[in-house]
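K.L.:
Output the structure for:
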Amino acid sequence: MIGSGDPSLIETLAAIADAMSPALRPWWVIGSAAVALHGADAGKVGDVDILVDPSDADALFRRLGVAALDLLPHPLFRSERFARWAVHPLPVEMMAGFAIATNGGWQRLEPATRHGIAVDGRIIHVPAREELIAILGRIGRPKDVARAAALEGREPG
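P.N.:
Sure thing, here's the model as predicted:
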């Protein structure tokens, strides 16, 4: 649980909550930071991934003074808009229009659940535990499978 844990993660999450407060559409923290917010062992949280609605992306990037980046194609996932905010202890990767490769083509990831977790007097939004497990399983990298297992309270594999 991060409540008494990593001050770098807590500071970064608080900054995210402040930065996202003007957002007009829902947003979520996913990945290792979301696993930690759910109280499971996420391993080392090296950055914080947030899903942002494409309609909020440009205004958010302007407010934070970051530029959208053109990323090399990735076989597993892609974003319509992507930026990295690196002014806090942990870098924040902001993904708008995030999609995961499936057998049927690209499938946009927009969680159906939105669970609020208090961090330093602010609310951070994450998918519900069950949905986060499914998301991590869909992404399918070994580290994501291990995080899903941690959320389920079992050993990976």
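
K.L.:
could you point out where this protein is predicted with low confidence?
P.N.:
Scanning the chain with the threshold set as pLDDT under 70 gives 1-4, 155-157.

K.L.:
how about a cut-off of 50?
P.N.:
1, 3-4 (pLDDT under 50).

K.L.:
which residue ranges form the strands in it?
P.N.:
Counting by DSSP state E, the chain has these strands, from start to end: 28-30, 48-52, 77-78, 81-85, 92-96, 99-102, 105-108, 115-119, 122-126.

K.L.:
Packing partners of the first one?
P.N.:
Spelled out, it's strand 28-30. Strand 28-30 is packed against strand 48-52, strand 122-126, with contacts defined by 3 or more C-beta pairs under 8 Å, 6 or more residues apart in numbering; DSSP states H and E. All C-beta spots, glycine's among them, are computed from the backbone N, C-alpha and C.

K.L.:
Please identify which of these is closest to residue 33.
P.N.:
Evaluated over the helices and strands packed on strand 28-30, closeness to residue 33 peaks at strand 48-52, with 4.4 Å, by C-beta to C-beta.

K.L.:
Check which residues of that closest one are buried.
P.N.:
Using 16 or more other C-beta atoms under 10 Å as the test for burial, strand 48-52 gives 48-52.

K.L.:
related to what we said a few turns ago, for residue 138, which of the strands of the chain is the nearest?
P.N.:
The nearest among the strands of the chain, by C-beta to C-beta, is strand 99-102 at 5.4 Å.

K.L.:
what lines up beside the closest one in the sheet?
P.N.:
strand 77-78 (antiparallel), strand 105-108 (antiparallel) (DSSP bridges).

K.L.:
just to revisit the earlier point, now the strands of the chain in CSV, with distance to residue 58?
P.N.:
Shown next, in CSV, are the strands of the chain (distance: least, C-beta to C-beta, whole Å):
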stretch, distance to residue 58
strand 28-30, 19
strand 48-52, 10
strand 77-78, 18
strand 81-85, 8
strand 92-96, 9
strand 99-102, 19
strand 105-108, 18
strand 115-119, 25
strand 122-126, 20
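
K.L.:
and the longest helix anywhere in the chain, C-alpha only, in CSV?
P.N.:
Counting residues, the longest helix found in the chain (DSSP state H) is helix 7-20. Taking C-alpha atoms only, helix 7-20 is exported to CSV below (Å, rounded to 0.1, in the frame of the first residue of the first chain):
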residue,chain,number,x,y,z
PRO,A,7,7.1,9.4,-1.1
SER,A,8,8.1,9.8,-4.7
LEU,A,9,5.0,8.0,-5.9
ILE,A,10,2.7,9.9,-3.5
GLU,A,11,4.1,13.3,-4.6
THR,A,12,3.7,12.4,-8.2
LEU,A,13,0.2,11.1,-7.8
ALA,A,14,-0.8,14.3,-5.9
ALA,A,15,0.6,16.4,-8.8
ILE,A,16,-1.4,14.3,-11.3
ALA,A,17,-4.6,14.8,-9.3
ASP,A,18,-4.0,18.6,-9.4
ALA,A,19,-3.1,18.6,-13.1
MET,A,20,-6.2,16.5,-14.0
